[in-house]
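Following is a predicted model, sequence given first.
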Amino acid sequence: MSEASDAGPVVDELVPPIVRSATWEETWINVTAPALFGLIVAGIWQWKIQSMLPWGLPNPIQGALLVMLLLSPLFHYFLTDQPMNRWTEYALGVALLGGFFIVVWLMGVGGFVCGGYIAAIVWVAISTSWWRFHLPPFRSALWHTLGVNMGAFGGAFLVFFW
């Protein structure tokens, strides 16, 4: 017999990882704050600004996404724990997905499928899984932009029918 067979088991018992749930702070930062921002900005846009626009563009959802892009350094500062010198990565994530949604919301009723229904499914899926990871600014921006998009959709809808 060799020495290796006499050594006994090499692998100890595997310990399952500790499963934790998202804290209220994580939920507030990554889900509630972006959605609330979108809801408020799009609601104000629908209420005060939309009637003054000659062609109706940008619409309230597009307006909320554009305001988010303008304020992306502040979003990065308050909603991520990354150093401030990485705010351009965050802004690039906002510009990429926000630009996509701005084009989607130009499609009229077709925008409801991609910008509303599919975006809601993706946002819920991301919100239930991404909180477990320490995300780079670009991915955090994608998550937050989806939240602003969904909040803006809700805010514009509520104010329009109010």
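Yes, it's here.

name the helices or strands packed onto the helix or strand hosting V159?
Counting by DSSP states H and E, the element that carries V159 is helix 137-160. Applying 3 or more C-beta pairs under 8 Å, 6 or more residues apart in numbering; DSSP states H and E, we find helix 137-160 packed against helix 33-44, helix 60-70, helix 72-79, helix 87-104, helix 119-129. For the C-beta atoms, the positions are set from N, CA and C on the backbone; glycine is no exception.

now those helices in CSV, with mean neighbour count?
Listed next are the helices and strands packed on helix 137-160 as CSV, based on neighbours: other C-beta atoms under 10 Å:
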stretch, mean neighbour count
helix 33-44, 22
helix 60-70, 23
helix 72-79, 18
helix 87-104, 19
helix 119-129, 15
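
Redo these as JSON lines? Include distance to M52 and mean pLDDT.
Converted to JSON lines, the helices and strands packed on helix 137-160 look like this (distance: least, C-beta to C-beta, whole Å; pLDDT from 0 to 100):
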{"stretch": "helix 33-44", "distance to M52": "12", "mean pLDDT": "96"}
{"stretch": "helix 60-70", "distance to M52": "12", "mean pLDDT": "96"}
{"stretch": "helix 72-79", "distance to M52": "25", "mean pLDDT": "96"}
{"stretch": "helix 87-104", "distance to M52": "19", "mean pLDDT": "96"}
{"stretch": "helix 119-129", "distance to M52": "27", "mean pLDDT": "92"}
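
buried ones in the helix holding V159?
137-157, 159 (16 or more other C-beta atoms under 10 Å).

Can you give me the separation between the nearest residue to Q50 once chain neighbours are set aside and V122?
Once flanking residues are discounted, Q50 sits nearest to P60: 6.2 Å by C-beta to C-beta, 6 or more residues apart in numbering. To V122, P60 is 21 Å away according to C-beta to C-beta, to the nearest Å.
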